[in-house]
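In: This is a predicted model, with the sequence first.
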Amino acid sequence: MSAVIQIGTDEHFTGQANGAGLDDPFPTQVVTNGAIRNLVECRQAALMGKSLPFPPTWNDVVYAHRMIYGRSRNELGNFAQLARQVPNLLFAYSPAAKLGYSAAGGTVTGTTDTDVTGKTFTQAQGQIINGVRIQVANGVSTAPLAAGTLDNLVWLMLAYGEPAVAAASILYLRRTDASNWIRVFRQSATNVRIEKDVTAAVTTERDITIPATEPISGSAYAVRINGTVCQVYVNGTMYDSFTLSAGAQGLTGLQVGFDTTAAARAAMGEIEVWSTVYPGFAS
């Protein structure tokens, strides 16, 4: 609790405008909403390798979120250094954290950006960013992970939909190029689909049944791969654990990426990659 109280002082939060925008590191995003809870709970469960026995408190949720997406000069020191000190964080990108200080919305002017760990994020053309979401009009946005980080990883995404639609927000992992990847997305209200592409041959790796009560918009999804075992999580609950096919095991790309269906008004809220091996690299 003391750390949660202290974060308000560290961020100098007053809710007022200043020379750098607003004091709040997420002025366009309500961090005590259900989507952020889903993200934090899914992250924690996937890193533990099991469903959460008890949900974290709201103070835990807010602190866990802000400690990753902090902003330099205000909260918790320099955000890039802080991100590197989180032992197994390999990549994290939040549109709310990136844009909140100057504008609530607009069109991204460049095709590259950096995540909180300093990695270059190559964005698709026509990308629109607004408050809590990124929408890609055409193409996959990607970032490269470091060599040696293929195994023992957790890939995490937070997806939105306007209106809530399925098969729209897509997370790519182990991607080499447009013809070699694994991806996860909400295929329907009651199904999460894992697909693989091996040299331009797309097949379904796994269909995972989930309750229709898990929302499509504002849900967090995580894929954890350790060795040949793949686990899939939605909003803090593990819904499946299975052995990857030989084709999926052979995919060795280091890119993480996402794509959305712009016509469906779907969007990516956040994207993260974690290692399950301390201190931040896979063995």
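Out: In hand now; what should we look at? Residues are numbered from 1 along each chain as shown.

In: Can you tell me the closest non-neighbouring residue to V198?
Out: G247 (4.6 Å; Cβ to Cβ, 6 or more residues apart in numbering). In short, each C-beta sits where N, CA and C put it, glycine included.

In: V192 too?
Out: Nearest residue to V192, sequence neighbours excluded (Cβ to Cβ, 6+ apart): I208, at 4.4 Å.

In: quick one: low-confidence parts of the stretch 51-200 of the chain?
Out: 70-87, 96-110, 125-138, 162-164, 166 (pLDDT under 70).

In: Now with 90, please.
Out: Applying pLDDT under 90 to the stretch 51-200 of the chain picks out residues 53-55, 58-90, 92-141, 146-151, 159-170, 187-189.

In: one step back: what helices or strands is the helix or strand hosting the residue nearest to V198 leaning on?
Out: Element membership for G247 (DSSP states H and E) is helix 246-249. On a contact count with 3 or more Cβ pairs under 8 Å, 6 or more residues apart in numbering; DSSP states H and E, helix 246-249 meets strand 191-198.

In: The strand it packs on pairs with which strands, and in what direction?
Out: strand 180-188 (antiparallel), strand 201-209 (antiparallel) (DSSP bridges).

In: Can you check which helix is longest in the protein?
Out: helix 34-48 (DSSP state H).

In: helix or strand right after it?
Out: Assigned by DSSP H and E, the successor of helix 34-48 is helix 58-68.

In: So which elements touch that following helix?
Out: helix 2-11, helix 34-48, helix 79-85.

In: Buried ones in the second one, by neighbour count?
Out: Neighbour-count burial for helix 34-48 flags 35-48 (criterion: 16 or more other Cβ atoms under 10 Å).

In: With pLDDT and distance to N180 added, can I get those in CSV?
Out: As requested, the buried residues of helix 34-48 are exported to CSV (pLDDT from 0 to 100; distance: Cβ to Cβ, whole Å):
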residue, pLDDT, distance to N180
A35, 90, 31
I36, 90, 33
R37, 93, 35
N38, 95, 30
L39, 94, 28
V40, 93, 32
E41, 95, 31
C42, 96, 26
R43, 94, 27
Q44, 93, 31
A45, 95, 29
A46, 95, 24
L47, 92, 27
M48, 91, 30
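
In: want to throw those residues into CSV with distance to V140?
Out: Output for these, formatted as CSV (distance: Cβ to Cβ, whole Å):
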residue, distance to V140
A35, 23
I36, 25
R37, 28
N38, 24
L39, 21
V40, 26
E41, 27
C42, 22
R43, 23
Q44, 28
A45, 26
A46, 22
L47, 25
M48, 29
